[in-house]
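Engineer: Need coordinates for the following:
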Amino acid sequence: MRSIWRTSIGVRFSIITLLLVFLIMLAFSIHDTARSYEKQVNLLNHQLEQIQHSHLPFLVSSLWLTDYDLLQQQLEAIVRFPYTDRVEVEDDEGNVFHAGTAASDGAQMKSQPLVYTRRGTELPIGTLR
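Structural biologist: Now for the predicted structure:
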């Protein structure tokens, strides 16, 4: 093998070319994977923001008014978001309302306190998980 490496410029050129092509493909693959991951994380964060801005006020209102049928419908709407397997709301009395399937292994749980503001006073009325 050593004698082929020394005598044949074609073999050296082929090996070096293959190594360079492999390294370039590896670099692009790593870059593409990192970009794809970052894009998915940004999409997930955007969806969480959207849930917080568009659904939390209605969840708080439903809990405050004890309209549990409307609360259940809102939870079922939230669970339709991609990457959301299960949504739970626990009220201040310990009642748990949920929609979706059981959380899968490796799933990350986010928790958000639900607070009703009345006359400048914040009253904790539950937790969104």
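
Engineer: Residue 10 and residue 22, how far apart?
Structural biologist: Remark: distance between residue 10 and residue 22 (C-beta to C-beta, to the nearest Å) = 18 Å. Heads up, the C-betas are built off the backbone N, CA and C, glycines and all.

Engineer: With residue 45 instead?
Structural biologist: 35 Å.

Engineer: again, but for residue 70
Structural biologist: Applying C-beta to C-beta, the value for residue 70 to residue 22 is 58 Å.

Engineer: Residue 30 too?
Structural biologist: In terms of C-beta to C-beta, residue 30 sits 13 Å off from residue 22.

Engineer: In terms of neighbours, single out the busier of residue 70 and residue 22.
Structural biologist: Between residue 70 and residue 22, counted using other C-beta atoms under 10 Å, the more crowded position is residue 70 (15 against 10).

Engineer: Can you give me the pLDDT of the residue most central in space within the chain?
Structural biologist: Nearest to the geometric centre of the chain sits residue 44, at 4.1 Å (C-alpha atoms, centre = their mean). Here the pLDDT value assigned to residue 44 is 80.

Engineer: Name the helix or strand of this structure that has the lowest mean pLDDT.
Structural biologist: Sorted by mean pLDDT, DSSP states H and E, the helices and strands of the chain end with helix 2-7, the least confident at a mean of 63.

Engineer: after that helix, next one along is what?
Structural biologist: Where DSSP states H and E defines the elements, the next helix or strand beyond helix 2-7 is helix 9-54.

Engineer: Check which helices and strands that next one is in contact with.
Structural biologist: helix 2-7 (3 or more C-beta pairs under 8 Å, 6 or more residues apart in numbering; DSSP states H and E).
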